[in-house]
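**Q** Everything below, folded, please.
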Amino acid sequence: AAMEINMYLFAFNLFLPCYPLDGGRVLVALLLLKGMAVESVAKVCVFISGPIAIFICVFGFYSWAVLCVFVGIWMVMQICAVHPQPPTWRPPTATTTI
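**A** Below you'll find the model as predicted:
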């Protein structure tokens, strides 16, 4: 049983192209080797990883798997750290005309 669990964890970690997992890191490395810009790779990574992480959270809520919910939340937090949103509000500048 332990070997089977380890094989499932191996497949989940390596073959799921979600960023904080090893599969996501392999995807980032392949895209960078292909010659994509770092900003473009970050956008692709967020575009792929975000829905997967949200699906894991929803699946955890649906199946009452608390650990799955925590893993999904952790993945969303890691994805947000990779590509933070720019601020939408900027303070007014101190340029006054006399």
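
**Q** The helix ranked longest in the chain - contacts with which helices or strands?
**A** Using DSSP state H, we find that the single longest helix of the chain is helix 38-63. Other helices and strands packing on helix 38-63, by 3 or more CB pairs under 8 Å, 6 or more residues apart in numbering; DSSP states H and E, are helix 22-34, helix 66-82. Quick note: C-beta positions are derived from backbone N, CA and C, even for glycine.

**Q** tell me which residues in that helix are buried?
**A** By neighbour count, with 16 or more other CB atoms under 10 Å as the criterion, the buried positions of helix 38-63 are Val41, Ala42, Cys45, Val46, Ile48, Ser49, Gly50, Ile52, Ala53, Ile56, Cys57, Gly60.

**Q** For the fourth one, list the residues it contacts.
**A** Contacts for Val46 were tallied using CB atoms under 8 Å, 6 or more residues apart in numbering; they are Tyr19, Ile79, Val82, His83.

**Q** again with Ile48
**A** Here Ile48 is in contact with Pro17, Cys18, Gly24, Leu27 (CB under 8 Å, 6+ apart).

**Q** Save the contacts of Val46 as a markdown table, and put in neighbour count and distance to Gly35 too.
**A** Written out in a markdown table, the entries for the contacts of Val46 read as follows (neighbours: other CB atoms under 10 Å; distance: CB to CB, whole Å):
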| residue | neighbour count | distance to Gly35 |
| --- | --- | --- |
| Tyr19 | 23 | 20 |
| Ile79 | 23 | 23 |
| Val82 | 16 | 20 |
| His83 | 16 | 20 |
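
**Q** Surely Asn13 touches Arg25?
**A** No. In terms of CB atoms under 8 Å, Asn13 does not count as a neighbour of Arg25; the distance is 10.1 Å.

**Q** just for the protein, where's the confidence low?
**A** Applying pLDDT under 70 to the chain flags residues 84-98.

**Q** Kindly reformat the helices and strands packed on helix 38-63 as CSV containing distance to Leu9.
**A** Formatted as CSV, these follow (distance: least, CB to CB, whole Å):
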stretch, distance to Leu9
helix 22-34, 11
helix 66-82, 11
